[in-house]
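Trainee: Structure for the following, please:
(chains A and B)
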There are 2 protein chains.
Amino acid sequence: MATKCGQQSIMLTNPVRILSCAAVAGKKEAQGPLKHCFDILSEDSYFGQPSWEKAETEMLQRCMKRCLEKAPSKSPNPELIAGGDLLNQCISSAFAAKDSALPYLGLYGACSTMAEALTIAALLIDGGAYNAALAMTGSHFCSAERQYRFPMEYGGQRTPSAQWTVTGAGAALLSSVGGPRISCLTPGCIVDTGLCDAGNMGAAMAPAAYDTITKHFADTGRDFDYYDAVFTGDLGALGHDILQDLLQKDGLNPGLKYMDCGVLIYDLRTQDVHSGGSGCGCGASVLCGHIIPAMQRGVWKKVLFAATGALMSPLSCQQGCSIPGICHAVALEMEG
Amino acid sequence: MATKCGQQSIMLTNPVRILSCAAVAGKKEAQGPLKHCFDILSEDSYFGQPSWEKAETEMLQRCMKRCLEKAPSKSPNPELIAGGDLLNQCISSAFAAKDSALPYLGLYGACSTMAEALTIAALLIDGGAYNAALAMTGSHFCSAERQYRFPMEYGGQRTPSAQWTVTGAGAALLSSVGGPRISCLTPGCIVDTGLCDAGNMGAAMAPAAYDTITKHFADTGRDFDYYDAVFTGDLGALGHDILQDLLQKDGLNPGLKYMDCGVLIYDLRTQDVHSGGSGCGCGASVLCGHIIPAMQRGVWKKVLFAATGALMSPLSCQQGCSIPGICHAVALEMEG
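Mentor: Take a look at the predicted model:
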């Protein structure tokens, strides 16, 4: 049974755990500091497919397949897929799920999608609807570039605050048994501070991360002392520093406990990614390739995964709209 | 507590009810047979806004506002919004939700989004996470045309099998008290029979409706005799007849009990909509404007609402991909 906790958080009383997870990454991510973390690395950015969109689908399929292969034998089979992606009409996740013969709930949380998928899958398992469910998402640099910015062939210049969409995916199988337990969820409100620069998503999303993380703390009585590590999804270096500033104004000083997946996934000094990684695949691949395996190795016992998303589109930007940010937080805990 | 029932259905044991609902419709819908059903009619397809996308946002906001106004005094306030739309990056629903100060779960189920939103909101209330939640979606003919087909100014010719995207929205406030009870859910699998004609969505979606409705019957032991009416979301006249044929091959003969919202919303003989209505707003506005109010008046006691969606994008069609269909079914029952 889930119980509302404070203004916006939900405590799970039934055990919902991450039974297995897998991460796929592309060539650039395979050259970064987390290269040893991913289950599947692809040198071929087409993943053997004729288009980048089909590559994204293929990547998600390989990721889900590997996640299920990694589950112990006699594990419960997934009964649902909850997932989404950045492409128009979320085609890569729908096409990836279409041969699964499983019920499919399509989600759109921009780069926060992994946390949204974990939230919905966890609540549906906690509530008794399913025994096991897959949460998945991913993004692809080339398909995202041509959709949101320019076709690759255009050779557009990127601003210093721009981020690099991660070619990567993450999938997690949730059930009542397994590894880290999902103890608490804080689904986020949309926060829009009026920023309009689509080349500076970190600044647009940082206030949403601040909103959700501080509400999570207020609701639960937890703080940075409670957690061994707190991760945002893809604020990048600039957004990371903005969030750090916002927290410090409240007297919160997480120090090195606070990290951003978009900062971790690349070497920002040498990989020409400007402010760092972004995209659904950023938080998802770092969670499933790095964070959860590290929890299982005993590196961290308590982690808050706060994936961030910018709910704009190229059209909303062209029409002069600001960029609404959102952040969903998922608390993961190893026990014993 | 939710309980899995058969292969794919979920029975809700805690009461989850539709406490209030509202529907908004545009000018063409206001000239159709359901003109007296909608709460708000707009002669102005711009809804007072400078663009069709902003009009869609405005329409969704008015719809949610009216839904909350219609709730009895002392009703529980919504604690969550679950919604989505057809636009790239689901901007109209995100922008409509952004000033609500409520947690927001963005969904993408194409035209099945209302059923997906009801499914998630109902399961989260049943599971104890929330006391009340808003499910909402909508679509706009002009924003959909320029995104999926051609800008209006192009004056493109439509095929006889084409459908007309409904300018309309629906919002429902779910809680443990109120009107029709959501008794059972059958979230759907993606069904792709290889059809590639984006001008014939009814044919692409009908097999998904068949799959979900027949699984719902098999899982629950219910049939067309159990229900007073069964509605698909937007198969249109062609899709309606294809589904009828598929059912009849199984010996199922629903007769007039089976209706399609896309057929009901327009006068197909005079309104030049070819095969009928489509879009998220079709099923949503007919459910919230026509079906639920009729249940409350005693017209029907037991209704199955099976909203259908085509999970394609213009790009997936351009790349030669087939059109994956999906259908989520929601059983609504008046008691006493």
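
Trainee: hey, let's count contacts and neighbours off CA atoms from now on
Mentor: Will do.

Trainee: At which residues are the helices of chain A located?
Mentor: A:52-70, A:91-97, A:113-126, A:141-148, A:201-220, A:236-249, A:261-264, A:280-286, A:292-296, A:314-318 (DSSP state H).

Trainee: which one of those helices is the most hemmed in?
Mentor: Of all those, helix A:280-286 carries the top mean neighbour count, a mean of 35, counting by mean count of other CA atoms under 10 Å in any protein chain shown.

Trainee: Let me see the mean pLDDT of stretch A:310-318.
Mentor: Mean pLDDT, stretch A:310-318: 97.

Trainee: about what we covered before: minimum distance to residue A:43: which of the helices of chain A has it?
Mentor: The closest of these to residue A:43 is helix A:52-70. By CA to CA, the value is 12.1 Å.

Trainee: Tell me which residues touch the residue nearest in space to the middle of chain A, please.
Mentor: By CA atoms, centre = their mean, chain A has its centre lying nearest to residue A:283, at 3.1 Å. Applying CA atoms under 8 Å, 6 or more residues apart in numbering or on different chains to residue A:283 gives the contacts A:111-112, A:114, A:232-234, A:261-262, A:307.

Trainee: Name the nearest of those relative to chain B.
Mentor: Nearest to chain B, judged by CA to the nearest CA, of the contacts of residue A:283 is residue A:112 at 10.1 Å.

Trainee: For the closest one, which residues are in contact?
Mentor: Here residue A:112 is in contact with A:233, A:280, A:283, A:306-309, A:326-328 (criterion: CA under 8 Å, 6+ apart).

Trainee: where does the stretch 151-300 of chain A come near chain B, residue by residue?
Mentor: A:187-192 (CA under 8 Å from any CA of the partner chain).

Trainee: if you set the cut-off to 10 Å instead, what comes out?
Mentor: Taking CA under 10 Å from any CA of the partner chain as the contact definition, the stretch 151-300 of chain A meets chain B at A:185-192, A:212.

Trainee: so how many other residues sit close to the closest residue to residue A:261 other than its chain neighbours?
Mentor: Among residues not flanking residue A:261 along the chain, residue A:233 sits closest, at 5.2 Å (CA to CA, 6 or more residues apart in numbering or on different chains). Neighbour count for residue A:233, taken as other CA atoms under 10 Å in any protein chain shown: 37.

Trainee: Can you name the two of the contacts of residue A:283 that sit furthest apart?
Mentor: Across the contacts of residue A:283, no pair lies farther apart than A:114 and A:262, at 14.1 Å, counting by CA to CA.

Trainee: Could you count how many residues lie near the residue nearest to residue A:43 when sequence neighbours are not counted?
Mentor: Leaving aside its sequence neighbours, residue A:43 sits nearest to residue A:27 (CA to CA, 6+ apart; 4.8 Å). Residue A:27 has 15 neighbours, counted by other CA under 10 Å.

Trainee: Next, work out how far apart residue A:27 and chain B are.
Mentor: Residue A:27 is 24 Å from chain B, where distance means CA to the nearest CA, to the nearest Å.

Trainee: show me what contacts that residue?
Mentor: Contacts for residue A:27 (CA atoms under 10 Å, 6 or more residues apart in numbering or on different chains) come out as A:35, A:41-45, A:167-168.

Trainee: how near is it to residue A:66?
Mentor: According to CA to CA, to the nearest Å, residue A:27 stands 18 Å off from residue A:66.

Trainee: thinking again about what came up before, per-residue confidence at the residue nearest to the centre of chain A?
Mentor: With respect to pLDDT, residue A:283 scores 98.

Trainee: Which residue, other than its chain neighbours, is closest to residue A:187?
Mentor: residue A:328 (4.5 Å).

Trainee: brain fart, residue A:70
Mentor: Nearest residue to residue A:70, sequence neighbours excluded (CA to CA, 6+ apart): residue A:20, at 6.1 Å.

Trainee: Give the full set of residues in contact with the one you found.
Mentor: By CA under 10 Å, 6+ apart, residue A:20 lies in contact with A:66-72, A:75, A:134, A:171-175, A:178-180, A:288, A:292-293.

Trainee: Okay, and the beta partners of it?
Mentor: On the basis of DSSP bridges, residue A:20 is bridged to residue A:173.

Trainee: returning to what we had before: just give me the closest of the contacts of residue A:283 to residue B:335.
Mentor: Residue B:335 lies nearest to residue A:114 out of the contacts of residue A:283, by CA to CA, at 38.8 Å.

Trainee: separation between the closest one and residue A:263?
Mentor: Computed as CA to CA, the residue A:114 to residue A:263 distance reads 17 Å.

Trainee: next one: residue A:20
Mentor: Note on residue A:20: its distance to residue A:263, by CA to CA, is 25 Å.

Trainee: For chain A, give me the ranges with low pLDDT.
Mentor: A:336 (pLDDT under 70).

Trainee: How about the contacts made by the nearest residue to residue A:83 once chain neighbours are set aside?
Mentor: Excluding the flanking residues, the one nearest residue A:83 by CA to CA, 6+ apart is residue A:136, at 4.8 Å. Residue A:136 makes contact with A:21-23, A:60-61, A:63-64, A:67, A:81-85, A:93, A:97, A:107, A:113-118, A:169-173, A:280-281, A:284-285, A:288, according to CA under 10 Å, 6+ apart.

Trainee: do the same with residue A:229
Mentor: Residue A:229 neighbours (CA under 10 Å, 6+ apart): A:254, A:256-259, A:291, A:299-305.

Trainee: If we use 7 Å, what do you get?
Mentor: Residues in contact with residue A:229 (CA atoms under 7 Å, 6 or more residues apart in numbering or on different chains) are A:257-258, A:300, A:302-304.

Trainee: One more: residue A:24?
Mentor: A:38-41, A:59, A:63, A:168-170, A:285.

Trainee: Just among those residues, which is most surrounded?
Mentor: Among these, residue A:169 has the most neighbours (other CA under 10 Å), with 38 neighbours.

Trainee: so it touches residue A:141, yeah?
Mentor: No: counting by CA atoms under 7 Å, residue A:169 does not reach residue A:141; the two are 11.6 Å apart.

Trainee: Please tell me how far residue A:86 sits from residue B:82.
Mentor: Going from residue A:86 to residue B:82 by CA to CA gives 18 Å.

Trainee: now swap in residue A:244 and tell me
Mentor: 30 Å.

Trainee: ok, now residue A:80?
Mentor: Distance of residue A:80 to residue B:82, given as CA to CA: 18 Å.

Trainee: what do you get for residue A:134?
Mentor: From residue A:134 to residue B:82 the distance is 20 Å (CA to CA).

Trainee: Compare the two (neighbour count), which wins?
Mentor: residue A:134 (28 against 25).

Trainee: for the more buried one, what are its contacts?
Mentor: A:78, A:80-82, A:171-174.

Trainee: Please name the bridge partners of it.
Mentor: Assessed by DSSP bridges, residue A:134 has beta-bridge partners residue A:81, residue A:173.

Trainee: Need the nearest residue in space to the residue of the stretch 151-300 of chain A found nearest chain B, chain neighbours excluded.
Mentor: Going by CA to the nearest CA, chain B is nearest to residue A:189 of the stretch 151-300 of chain A, at 4.0 Å. Nearest residue to residue A:189, sequence neighbours excluded (CA to CA, 6+ apart): residue B:103, at 4.0 Å.
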